[in-house]
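Trainee: Just to be clear, the model below is a prediction. Sequence and coordinates:
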Amino acid sequence: MSAMLAVMRRDLLMVMRRKSEVLTALFFFVIVSSLFPLGIGPEPALLRKIAPGVLWVGALLATMLGLQRMFAADHADGTLEQMAISPTPLVWLVVGKVAAHWLVSGLPLVLMAPVLGIQFDLDPSALGVLMLALLLGTPLLSLIGAIGAALTLGVRGGGVLLSLLVLPLYVPALIFGAGAVESHISGLGAGGHLSLLAAILTLAVFFAPWAATAALRIALE
Amino acid sequence: MSNRLINWFKFASPATFYPLAGKMIPLFWVLAALFGGVGLWLSFFVAPTDATQGEGYRIIFIHVPTSWMSMFIYMVMAAWAAMGLSLNARLSSMMAQALAPTGALMAFLSLWTGAFWGKPMWGTWWVWDARLTSELILFFLYLGFMALQASIDDPRRADKAGAIVALVGVVNVPIIYFSVKWWNTLHQGASVSINKSPSMAMTMLWGMLLMALCLWMYSIAMALTRVRAIILERESHTDWVKQLSEVKP
């Protein structure tokens, strides 16, 4: 447990030393979401309708940006091998790294989403649901992404391959995340979607670190 | 010594499996041609014209079996991959690798024939319906599996990494299916179901089942052919491969 926190602190510290990487993903999210009204047109009714989907797809793509870095640097300088032979189970260290990734690339998106939601003319209660859905959904993105990142470690054309592997697996998060906001706007209530999102997150918290650890061990062979 | 135990695993070695596969391939081709011949005859000449859908419905004799096969092959592929990962058996991983392109082909054909069916029946090539979408995502999963295997040079690492992708995919397929089902849309209910009598004529059902068997046999024959090629490629350094008459210069 303490080793997990140490890995988390270390990853966060390394990110703080080079802030540009976090900011790049965040600005990517902002810019992509701001491009849609320019392409589609400024009618508020239309924007309200597409807002959940656009913001969620933006979040998906922004999360993808940072995924490759989750293990790559540690793999390159051998730190990962040291982690693999340390007495702490590797899976705890993976959990620490995933948590750090979420804090760096997921949490800022959650905090930024309401500001972008205002651009799309969402009302305050819908913004709340959007934040809640992203709060449940972005850890899921980091967890599933960790599997993809571990699998594509040191592989030719890793970046494109990573999106090919991971994006289809993001479909449920996208559907329930965007669906929660949509059904809230249409008056059906977001409870069902949010519960399902939470259920998938629970599953992923349990299984994804194991799968990512197995993939890391394969990469380190 | 327990001979029986050894016999169980005899064909787990590429060297013994390679000639066995060579002997089995013609058999499966014959079966595929037989089932296919009768199935096509039933579906084109015997099955009655559908009252509401006219002659165009006959595409389901290809469409439904390819959809079944695309899902079934994914399960079989994942099972082989899991066996390869847990037992560290080379041949199992090779089977998984050999099945992937056939499965992708089936998924593609299912989408393609579905589009041809949808145009006259629904008036559109594509709808964002639950089953269409999950079939499309299944197709992407096949592509991801093949792309990952192709981009890793070391075959053992490619096998294991592919196995993890296949297993993660298997866990996700039901989740994806049920999540996509939330937009309740155009696709008609399942044509064949276990707990109620089929809503179609007996001859149609037989045509569909025979076509499914035909594609099943075809998939086995193709997978065995491909696995033989993979064995030759990967085992090209061994003596037994160099002794083969088809390899000798």
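Mentor: Perfect, I can see it now.
Trainee: rest of the way, CA atoms for contacts and neighbours
Mentor: Fine.
Trainee: Show me what the lengthiest helix in chain A is packed up against.
Mentor: Residue-count comparison of every helix in chain A, with assignments taken from DSSP state H, identifies helix A:191-220 as the longest. Counting contacts by 3 or more CA pairs under 8 Å, 6 or more residues apart in numbering or on different chains; DSSP states H and E, helix A:191-220 is packed against helix A:90-101, helix A:124-151, helix A:171-185, helix B:155-180.
Trainee: So what's the residue count around whichever residue of chain B sits closest to chain A?
Mentor: For chain B and chain A, the shortest gap (CA to the nearest CA) falls at B:Gly144, measuring 5.0 Å. The local packing of B:Gly144 (other CA atoms under 10 Å in any protein chain shown) involves 24 other residues.
Trainee: again, but for the one 5 residues further on
Mentor: By other CA under 10 Å, the residues close to B:Gln149 number 22.
Trainee: Now do the helix or strand harbouring it and helix B:155-180, the angle between them.
Mentor: If you go by DSSP states H and E, B:Gln149 is part of helix B:130-151. Using axes from the mean of the first three to the mean of the last three CA atoms, to 10 degrees, the inter-axis angle of helix B:130-151 relative to helix B:155-180 is 170 degrees.
Trainee: residues of helix B:130-151 that come out buried?
Mentor: With burial defined by 16 or more other CA atoms under 10 Å in any protein chain shown, the residues of helix B:130-151 counted as buried are B:130-149.
Trainee: how about the residues of chain A near chain B?
Mentor: Near chain B, the residues belonging to chain A are A:151-152, A:155-157, A:161, A:164-165, A:168-169, A:171-172, A:175-176, A:211, A:214-215, A:218-219 when assessed by CA under 8 Å from any CA of the partner chain.
Trainee: change it to 7 Å
Mentor: Applying CA under 7 Å from any CA of the partner chain, we find that chain A lies next to chain B at A:151, A:155-156, A:161, A:164-165, A:168-169, A:171-172, A:175, A:215, A:218.
Trainee: Just the buried residues out of the residues you listed, in ChimeraX syntax.
Mentor: Selecting only the buried entries of the residues of chain A next to chain B in ChimeraX, with 16+ other CA under 10 Å as the criterion:
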select /A:151,161,164,165,168,169,171,172,175,215,218
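Trainee: For chain B, give me its nearest residue in chain A.
Mentor: A:Leu165 (5.0 Å).
Trainee: List the residues that contact that residue.
Mentor: The contact partners of A:Leu165, taken as CA atoms under 7 Å, 6 or more residues apart in numbering or on different chains, are A:148, B:144.
Trainee: do the same with the one 5 residues further on
Mentor: With CA under 7 Å, 6+ apart as the criterion, the residues that contact A:Tyr170 are A:Leu141.
Trainee: coming back round to it: could you give me the buried positions within the longest helix of chain A?
Mentor: A:193-194, A:196-198, A:200-201, A:204-205, A:208-220.
Trainee: just stretch B:160-172 next, same as before
Mentor: Buried residues in stretch B:160-172, counting neighbours by 16+ other CA under 10 Å, are found at B:160-170, B:172.
Trainee: Let me see the confidence value for B:Thr52.
Mentor: What the model reports as pLDDT for B:Thr52 is 66.
Trainee: for B:Asn184, same thing?
Mentor: On pLDDT, B:Asn184 comes in at 48.
Trainee: Equivalent analysis for B:His237, please.
Mentor: pLDDT, B:His237: 84.
Trainee: Three-state assignment for it, please.
Mentor: In three-state terms, and counting by DSSP: H, G, I helix; E, B strand; the rest coil, B:His237 is coil.
Trainee: what residues does chain B put near chain A?
Mentor: Proximity of chain B to chain A (CA under 7 Å from any CA) is limited to residues B:137, B:140-141, B:144, B:148, B:151-152, B:157, B:160-161, B:172, B:175-176, B:179.
Trainee: and the residues you listed as JSON lines, adding pLDDT?
Mentor: Below are the residues of chain B next to chain A laid out as JSON lines (pLDDT from 0 to 100):
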{"residue": "B:Ile137", "pLDDT": "87"}
{"residue": "B:Phe140", "pLDDT": "92"}
{"residue": "B:Leu141", "pLDDT": "91"}
{"residue": "B:Gly144", "pLDDT": "91"}
{"residue": "B:Leu148", "pLDDT": "90"}
{"residue": "B:Ser151", "pLDDT": "88"}
{"residue": "B:Ile152", "pLDDT": "87"}
{"residue": "B:Arg157", "pLDDT": "87"}
{"residue": "B:Lys160", "pLDDT": "89"}
{"residue": "B:Ala161", "pLDDT": "90"}
{"residue": "B:Asn172", "pLDDT": "78"}
{"residue": "B:Ile175", "pLDDT": "77"}
{"residue": "B:Ile176", "pLDDT": "73"}
{"residue": "B:Ser179", "pLDDT": "70"}
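Trainee: I'd like the distance between the residue lying farthest from the centre of chain A and B:Asp159.
Mentor: Within chain A, A:Glu43 marks the point farthest from the mean C-alpha position, 29.7 Å out by CA atoms, centre = their mean. Relative to B:Asp159, A:Glu43 is positioned 51 Å away (CA to CA, to the nearest Å).
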